[in-house]
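Enquirer: Pasting the sequence and the predicted coordinates here, then a few questions.
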Amino acid sequence: MTKMVRTGIGYDIHRLDEGRRLVVGGVAIPFSKGLVGHSDGDVLIHAVIDALLGAMGGKDIGQCFPDTNPVYKDIQSTELLVSVAIQLKQRDCEICNIDSIVIAEEPKLAPHIPAMKDILCPILGLPVKDLGIKAKTREGLGDVGEGRAIAAWAVATIVSGS
Ligand code: MG
């Protein structure tokens, strides 16, 4: 069977609002607002999931985990990531590396990156060096810059067995 190197890209954005817990990269981060979503709104995990699904040539996150399905209401996005990791194994795909950027004006996310890696790397079966997470701001520009949302990008490279 010919092995193929495949790449996928993922992007997500969620609104910030009061009365929600802020969860980014699987880490609960103390803040006055949280991300609005059908699930926990974990924008970073959603971007990573879409990058992995894209690399696999599968459906996107909205098709795999539709927000019309009550099963996914308030679900922890780490559970969705576990499900994608299982799909990868079933398709004989191995992750080479993932790189990602999470963009938030506040709170400062960089101090939480090691904790995010501690949660995400075991799920993905990746050593820490193969999961890049970078925290950026938008320099006050646009919805993210004005603190109304948090966005994330991710790129995943996999080796596919078929
Ligand atoms: Mg999302």
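Expert: Ah, there it is. Numbers count the residues shown, from 1 in each chain.

Enquirer: who does the helix or strand of the chain with the lowest mean pLDDT touch, helix- and strand-wise?
Expert: In the chain, the helix or strand scored least confidently by mean pLDDT, DSSP states H and E is helix 61-64, which has a mean of 87. Other helices and strands packing on helix 61-64, by 3 or more Cβ pairs under 8 Å, 6 or more residues apart in numbering; DSSP states H and E, are helix 43-56, helix 77-90. In this view, the C-beta of every residue, glycine as well, is placed from N, C-alpha and C.

Enquirer: What residues sit buried inside that helix?
Expert: By 16 or more other Cβ atoms under 10 Å, the buried positions in helix 61-64 come out as 61, 64.

Enquirer: so which of the helices and strands packed on helix 61-64 gets nearest the ion?
Expert: Within the helices and strands packed on helix 61-64, the stretch nearest the ion is helix 43-56; the backing value is 3.6 Å (Cβ to the ion).

Enquirer: Please work out the average pLDDT along that closest one.
Expert: The predicted model assigns helix 43-56 a mean pLDDT of 97.

Enquirer: Can you tell me the centre-most residue of the protein?
Expert: Most central in the chain under Cα atoms, centre = their mean is Ile45, positioned 1.7 Å from the mean C-alpha point.

Enquirer: is it true that that residue touches Ser77?
Expert: Yes. With contact defined as Cβ atoms under 8 Å, Ile45 reaches Ser77; the gap is 3.9 Å.

Enquirer: quick one: common contacting residues for these two?
Expert: Common neighbours of Ile45 and Ser77, counting by Cβ atoms under 8 Å, 6 or more residues apart in numbering, are Gly26.
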